[in-house]
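**Student:** Pasting the sequence and the predicted model now:
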Amino acid sequence: MPLKLEIVTPEARIFSDEVDSVVLPGAEGEIGILPAHAPLVTTLQVGELRITKGGKTTEMAVGEGLVEVTGAYARILTDMAIDADQIDEKAVEQALERAKHSLESIKHGEKQEDVAAVMAMIQRNTAQLQLKKKRRTV
């Protein structure tokens with residue numbers, strides 16, 4: 001019995017298929033989900049998500065979000081989900097540098113919302129770079 005997995009971002013449905021398993025970054029560490037998993041609702045952390053289907057593993061960089069598991073279904077709502085093959089390393093490095101520069105330009109104690117937004121951007125860019133570099137060395 002396969003597991004029906006859906007990954008949705010604000011822009012689009014990124015993934016919708018039956019899979020053998022999924023491993024994702026949760027609040028308490030990596031969570032492995034197999035078919036008939038106990039019902040679960042948890043937060044998704046920035047990091048690497050691995051989908052296995054038919055012996056083939058697909059890796060994605062994911063942002064923060066929510067995960068709902070209901071036995072035969074797993075739904076992931078996230079602000080970012082990018083397949084490792086689609087990550088443009090040079091563009092991500094440039095975005096990371098711009099984000100770091102923006103963070104340095106914000107004065108201490110001012111605009112805490114801006115600091116949070118820039119920190120989230122840094123985390124998402126770092127997750128993409130780590131996944132891309134990992135795949136390059138494997």
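**Tutor:** On my side now, so go ahead.

**Student:** Let me see the ranges of the helices in the protein.
**Tutor:** 89-105, 112-137 (DSSP state H).

**Student:** which helices and strands does the first one pack with?
**Tutor:** The elements that helix 89-105 packs onto, with contact taken as 3 or more C-beta pairs under 8 Å, 6 or more residues apart in numbering; DSSP states H and E, are helix 112-137. Just so you know, the C-beta spots here come from the backbone N, C-alpha and C atoms, and that holds for glycine as well.

**Student:** hmm, back to that, mind putting the helices of the chain into JSON lines with distance to E30, mean neighbour count and mean pLDDT?
**Tutor:** Shown next, in JSON lines, are the helices of the chain (distance: least, C-beta to C-beta, whole Å; neighbours: other C-beta atoms under 10 Å; pLDDT from 0 to 100):
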{"stretch": "helix 89-105", "distance to E30": "23", "mean neighbour count": "13", "mean pLDDT": "84"}
{"stretch": "helix 112-137", "distance to E30": "14", "mean neighbour count": "16", "mean pLDDT": "79"}
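
**Student:** Can you tell me which of the ones you listed is nearest to K4?
**Tutor:** Closest approach to K4 among those is made by helix 112-137 (24.3 Å; C-beta to C-beta).

**Student:** and the angle for that closest one with helix 89-105?
**Tutor:** For helix 112-137 against helix 89-105, the angle by axes from the mean of the first three to the mean of the last three C-alpha atoms, to 10 degrees is 150 degrees.

**Student:** Mind giving me the packing neighbours of helix 112-137?
**Tutor:** Applying 3+ C-beta pairs under 8 Å, 6+ apart, one finds that helix 112-137 contacts strand 47-53, strand 56-62, helix 89-105.

**Student:** before we move on, the earlier item: tell me which of the helices of the chain approaches K56 most closely.
**Tutor:** helix 112-137 (14.1 Å).

**Student:** how far out from the middle of the chain is that closest one?
**Tutor:** For helix 112-137, the distance from its own C-alpha centre to the chain's C-alpha centre is 10 Å (C-alpha atoms, centre = their mean, to the nearest Å).

**Student:** Fine by me, we can end here.
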